[in-house]
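Chemist: structure of the sequence below:
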Amino acid sequence: MSFRNKVKYSLVKTLQISNKAVDELIQNGKIKVNNLTIYENVPIGIFDEVYFENKLIFPNTRPLFYKFFKPVGVECTMSQLVANNLSKYLPHDEALFHLGRLDKASEGLLILTNTGQLHDPILRSHSTPVWKKYYVELDQCIHDDAVAEMRMGVSILGQMTLPCQIEKINDSAIQICLQQGLNRQIRRMCHVFGLKVTKLIRIEIGEIKLGHLKPGELVPFENQEINYLKSLVK
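Modeler: Predicted coordinates:
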């Protein structure tokens, strides 16, 4: 699955000129992509830069990426109509939104960005699934047969969950990796076996790790994390 457009599409949209005019600019060496002059309609992604007359015209805003530790009780919404929403934790001068969700009772890693072009690579790509890892505490012991069944898939919301990776931490705690994100999936999977989730923390999204963040803390991506995102959109 490709998550890239051709440079011509971006030039027509940004410069508000015709396809023919854009073709002439490209053929005459007037366009640079990442400081290299191009002479054909090449693919570009959100991490590429397009210049016309040495002026940056794409992207019109720099892509921003943050890791955020969503605390328990915070709703995954920016709506001011919701009492405890994400916006109170975020800088007001940046139009950020979250990729994926965590329910109100759950906590842990959220990716926040100002670009929507990573939504599908992170949440819906089937060619290279992005696994999400969670630490889960339960109200009682979980038996080995329940763990084995969860690994294979269980029926929730009228469908079978995809196979997943589960490791028992102790009698009443597990670490689970999912490649899908059905509504309240882990809680529903545990409920099948009469188990109630008492604590749920998302600790990884692919190679992006919660690390030592504290609840409510927001930090920008490091270079290796941005490089990982770049690998998802190629």
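Chemist: nearest spatial neighbour of residue 187, skipping sequence neighbours?
Modeler: Spatially, and ignoring its direct neighbours in sequence, residue 187 is nearest to residue 197 (4.9 Å; C-beta to C-beta, 6 or more residues apart in numbering). All C-beta spots, glycine's among them, are computed from the backbone N, C-alpha and C.
Chemist: would you mind naming the residues that bridge with that neighbour?
Modeler: residue 138 (DSSP bridges).
Chemist: hmm, residue 137 and it touching each other?
Modeler: Yes - in this structure, residue 197 sits in contact with residue 137. The criterion is C-beta atoms under 8 Å, and the distance is 7.2 Å.
Chemist: count of residues packed around the nearest residue to residue 76 once chain neighbours are set aside?
Modeler: If the residues on either side of it in the chain are set aside, residue 76 comes closest to residue 101, at 4.3 Å by C-beta to C-beta, 6+ apart. When neighbours are defined as other C-beta atoms under 10 Å, residue 101 has 16 of them.
Chemist: for residue 110, same thing?
Modeler: By the criterion of other C-beta under 10 Å, residue 110 has 23 neighbours.
Chemist: could you do residue 53 as well?
Modeler: By other C-beta under 10 Å, 9 other residues sit near residue 53.
Chemist: from residue 100, how far out is the residue in the chain sticking out farthest from the centre?
Modeler: Computed with C-alpha atoms, centre = their mean, the residue of the chain farthest from its C-alpha average is residue 28, at 38.6 Å. Taking C-beta to C-beta, to the nearest Å as the measure, residue 28 falls 44 Å from residue 100.
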